[in-house]
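A.B. asks: give me a model of this one.
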Amino acid sequence: MEQLTGLDASFLYLDQKKAPMHIGSLCIYDPSTAPNGFVRFKDILKFIEERLPMAKTFRQKLARVPLGVDHPYWVEDDDFDLEFHVRHIALPAPGDWRQLCIQAARIFSRPLDMDRPLWEITVIEGLDNVEGVPKGSFAFVTKIHHAGIDGVSGVDIMNALHSITPEVTLPTDIPTWKPERRPTAPEMLLRGYVGALKNPFRWVDLIGRSVPGAARVVKGLIKKEFGIEALRKVPKTRLNQSISANRVFDGRTFPLADIKAIKNELPGAKVNDVMLAVVGGGLRKYLARHGEVHDDSLVALAPISVRSEGEANQMGNQVSGMSVRLGTHIADPRERFKFVYEGTQDSKALTNAMGARQLSEVAKMAPALFTGLAARLYSEFGFANRMRPFFNTVVTNIPGPPIPIYSAGAKMVSFYGMLCLTDGIGLGHIVESYVGNISVSFTACRKLMPDPEFYAECLEDSFDELKEAMLGSAAAKKTSAKKVSAKKAGTKKIVAKKAPAKKVTAKKAAPKKAAPKKVAAKKVSPAKAAPKKPAVKKAVAKLDATKPVAAKQAPVAELPLGDKPTETVVTQESKTA
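C.D. replies: Presented below is the predicted three-dimensional model:
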């Protein structure tokens with residue numbers, strides 16, 4: 001039996017019918033690689049059942065403390081039913097990418113049963129009309145409560161559900177599962193009372209360990225080693241309101257080689273910086289279409305893993321986070337990329353000074369009664385509609401395998417993440433890598449974003465513009481962003497006609513500065529640039545003169561689903577960075 005930390009339990013307290021706190025994915029598989037050339041539902045059930053002991057999340061459910069005086073515990077479910085957690089449906093007509101996105105969003109919007117282990121997998125067949133997907137393919141829509149996993153422990157669950165060869169073989173070191181006696185209510189109440197007595201001593205210890213970090217922050221601010229611009233002036237957008245229970249989902253995939261070539265044009269930049277700039281450009285286009293042009297940059301929360309080697313198979317969340325400005329107020333994609341890079345360097349320096357691990361520990365110490373009450377009051381009184389948000393969206397980076405992986409012998413052909421939302425945060429992104437490609441997928445509230453296809457096109461156009469700006473028009477024409485959905489004849493025309501807010505921003509253009517030759521830059525002039533920070537000024541100044549540096553090929557690890565994290569901020573970057 002293992003108790004949830006304050007951070008893990010906060011996802012339970014935030015959980016509502018309209019805002020279930022689970023994360024998930026859409027995975028598409030080609031069954032032709034299976035030993036028999038096809039995969040039946042019972043083959044999938046058998047494959048998953050054999051691997052249940054490989055991840056604790058599969059068989060553990062919640063045991064709550066009476067009166068809510070302390071955080072709940074994870075206990076083994078002695079009445080586990082696999083077929084309750086693994087379902088099977090067919091994709092409705094017309095069976096294309098758009099319909100798959102609609103079906104995945106509909107499944108993802110439904111809350112989990114809180115009296116059972118907090119996960120579900122829905123197997124969807126009938127994907128024959130999805131462009132770029134082999135005939136006979138099927139999909140997994142996975143849902144796992146955020147109280148039980150973070151992005152890195154989710155990778156361990158992906159390892160449990162997959163193998164690195166089509167042959168269905170079991171690892172030799174699978175532990176034997178043993179049922180656990182469920183504690184009685186008096187026993188749970190006693191545990192809660194003892195935990196409450198220990199909390200003051202834990203806080204004293206945590207405060208003592210946090211003092212050096214606070215001193216480093218003050219010193220860094222005085223010496224101007226970093227700033228706190230990302231923590232101030234967060235604009236409020238149409239996406240930062242109270243949300244509904246309905247979701248939309250979509251995604252786009254880009255060649256990893258192109259992204260590495262772009263990041264190599266700016267010394268020190270990472271793959272994650274490129275993708276943040278792409279998201280910033282996509283948001284700028286989308287909001288401009290809806291008449292929202294902000295002078296201040298939108299801010300994203302970028303989660304950071306602080307999970308150590310010894311915590312690799314533990315349940316729960318070992319994460320911190322940093323705020324990153326997305327450069328949505330800058331029209332020129334090249335300048336936006338530099339702005340994002342400078343901002344991430346600033347945020348990393350600040351987070352390092354504070355101590356990412358310490359920030360995570362503070363969140364874990366949140367008292368049960370206070371956290372639950374605060375979450376309910378925030379939602380009930382509609383504070384999301386009255387207050388400025390602390391950040392506008394979430395962009396989380398999940399490292400994926402550099403080699404193909406298989407489930408029940410079927411090869412995974414694509415992977416897209418899905419993210420939970422809450423009041424005030426109606427849009428979330430997941431950036432994931434897999435076999436030479438990087439995908440950016442998003443989950444949004446349907447009330448706040450009724451046109452997800454248009455936003456997906458905005459992300460695609462943002463990538464194309466950044467690629468042309470950094471690599472030149474000739475290179476941009478060689479390869480373009482791969483669309484995972486069927487081509488819609490009218491979609492690109494809409495994007496072309498509705499260029500970002502020409503009339504609103506034209507008045508703010510500097511009269512003496514000539515606009516760049518690119519069409520997009522003529523229509524919207526860059527907003528005033530933020531001052532460059534000393535730590536990155538030299539790297540940015542060398543942008544035009546520096547030749548691209550060949551990206552280093554990351555070695556293939558024994559477990560292919562990403563690196564094991566360390567306790568530094570760098571763990572936010574995937575192996576592809």
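
A.B. asks: for Pro179, grab the count of nearby residues.
C.D. replies: By the criterion of other CB atoms under 10 Å, Pro179 has 12 neighbours. (C-beta placed from N, C-alpha, C; glycine too.)

A.B. asks: my error: substitute Ser25 in the last question.
C.D. replies: 25.

A.B. asks: quick one, phi/psi of it?
C.D. replies: Main-chain dihedrals, Ser25, degrees, to the nearest 10: phi -160, psi 160.

A.B. asks: show me what it is bridged to.
C.D. replies: Thr142, Gly417 (DSSP bridges).

A.B. asks: measure it to Gly428 for me?
C.D. replies: Relative to Gly428, Ser25 is positioned 13 Å away (CB to CB, to the nearest Å).

A.B. asks: what does Gly95 give?
C.D. replies: From Gly95 to Gly428 the distance is 27 Å (CB to CB).

A.B. asks: cool, Pro111 as well?
C.D. replies: For Pro111 relative to Gly428 (CB to CB), the value is 17 Å.

A.B. asks: which one of the two has more residues nearby?
C.D. replies: Between Pro111 and Gly428, Gly428 has the larger neighbour count (other CB under 10 Å), namely 24 against 16.

A.B. asks: with adjacent residues omitted, what lies nearest to that one?
C.D. replies: With sequence-adjacent residues excluded and distances taken as CB to CB, 6 or more residues apart in numbering, Gly428 is closest to Leu419, at 3.5 Å.

A.B. asks: show the contacting residues for that neighbour.
C.D. replies: Leu419 makes contact with Ile23, Val394, Thr396, Gly428, His429, Ile430, Phe442, Thr443, according to CB atoms under 8 Å, 6 or more residues apart in numbering.

A.B. asks: please apply the same query to Val39.
C.D. replies: Tyr29, Pro31, Phe138, Ala408, Gly409, Ala410.

A.B. asks: Gln16: which element?
C.D. replies: Under the criterion DSSP states H and E, no helix or strand holds Gln16.

A.B. asks: what is the neighbour count of it?
C.D. replies: Neighbourhood size, Gln16 [other CB under 10 Å]: 16.

A.B. asks: swap in Arg182?
C.D. replies: There are 16 residues near Arg182, going by other CB under 10 Å.

A.B. asks: need the contact list for the closest residue in space to it that isn't next to it in sequence.
C.D. replies: Excluding its sequence neighbours, the residue lying closest to Arg182 (CB to CB, 6+ apart) is Val75, at 5.6 Å. Taking CB under 8 Å, 6+ apart, we find Val75 in contact with Met1, Gln60, Lys61, Leu62, Ala63, Glu180, Arg182, Pro183.

A.B. asks: backbone phi and psi for Leu82, please?
C.D. replies: According to degrees, to the nearest 10, Leu82 has phi -60, psi -40.

A.B. asks: quick check: which element contains the closest residue to it other than its chain neighbours?
C.D. replies: Closest residue in space to Leu82, ignoring its immediate chain neighbours: Glu49 at 5.5 Å, by CB to CB, 6+ apart. Element membership for Glu49, per DSSP H and E: helix 41-50.

A.B. asks: just checking, what packs against that helix?
C.D. replies: helix 82-85, strand 86-90, strand 119-125 (3 or more CB pairs under 8 Å, 6 or more residues apart in numbering; DSSP states H and E).

A.B. asks: return the most buried member of the ones you listed.
C.D. replies: When the helices and strands packed on helix 41-50 are scored by mean count of other CB atoms under 10 Å, the highest mean neighbour count falls to strand 119-125 (a mean of 21).

A.B. asks: what about the strands in the stretch 1-150 of the chain?
C.D. replies: 2-3, 22-30, 60-63, 73-76, 86-90, 119-125, 138-145 (DSSP state E, counting those that start in this stretch).

A.B. asks: name every strand pairing with the first one and say which way it goes.
C.D. replies: Translated: strand 2-3. strand 73-76 (antiparallel).

A.B. asks: what's the helix or strand encompassing Lys285 packed up against?
C.D. replies: If you go by DSSP H and E, Lys285 is part of helix 271-289. Using 3+ CB pairs under 8 Å, 6+ apart, the elements in contact with helix 271-289 are helix 256-264, strand 299-305, helix 333-354, strand 393-398, strand 427-434, strand 437-445, helix 452-471.

A.B. asks: using PDB, list the CA coordinates for the fourth one.
C.D. replies: This means strand 393-398. Extracted C-alpha coordinates of strand 393-398, given in PDB (Å, rounded to 0.1, in the frame of the first residue of the first chain):
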ATOM      1  CA  THR A 393      -1.500  26.600 -22.400                       C
ATOM      2  CA  VAL A 394       0.600  23.600 -21.700                       C
ATOM      3  CA  VAL A 395       3.300  22.200 -24.000                       C
ATOM      4  CA  THR A 396       4.800  18.900 -22.700                       C
ATOM      5  CA  ASN A 397       7.600  17.000 -24.400                       C
ATOM      6  CA  ILE A 398       7.500  13.200 -24.300                       C
END
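
A.B. asks: name the residues that touch the helix or strand that it is followed by?
C.D. replies: Following strand 393-398 in sequence order, the next helix or strand is strand 406-407 (DSSP H and E). For strand 406-407, the surrounding residues in contact (CB under 8 Å, 6+ apart) are 27, 29, 33, 44, 47, 140, 161-166, 412.

A.B. asks: where does pLDDT dip in this protein?
C.D. replies: 150-155, 171-175, 177, 196, 198-232, 305-320, 348-372, 473-577 (pLDDT under 70).

A.B. asks: next one: the nearest residue to Glu465 once chain neighbours are set aside relative to Leu276, how far apart?
C.D. replies: Distance criterion CB to CB, 6+ apart; nearest residue to Glu465, sequence neighbours excluded, is Pro333 at 4.7 Å. Taking CB to CB as the measure, Pro333 falls 12 Å from Leu276.

A.B. asks: and for Arg59?
C.D. replies: Distance from Arg59 to Leu276, by CB to CB: 37 Å.

A.B. asks: more neighbours: those two, which one.
C.D. replies: Leu276 (27 against 20).

A.B. asks: quick one: contacts for the more buried one?
C.D. replies: Here Leu276 is in contact with Ala300, Ala302, Val324, Leu326, Val340, Thr344, Val395 (CB under 8 Å, 6+ apart).

A.B. asks: just these now: which is nearest Leu190?
C.D. replies: Ala302 (40.6 Å; CB to CB).

A.B. asks: looks like that closest one contacts Val340 (just checking).
C.D. replies: No - applying CB atoms under 8 Å, one finds Ala302 not in contact with Val340, separated by 10.9 Å.

A.B. asks: what sits in contact with each of those two?
C.D. replies: Leu276, Val324.

A.B. asks: who has more neighbours out of these two?
C.D. replies: Val340 (29 against 25).

A.B. asks: from Gly268, how far out is the nearest residue to His162 once chain neighbours are set aside?
C.D. replies: Using CB to CB, 6+ apart and skipping residues adjacent in sequence, the residue nearest His162 is Ile405, 4.2 Å away. Distance, Ile405 to Gly268, by CB to CB: 31 Å.
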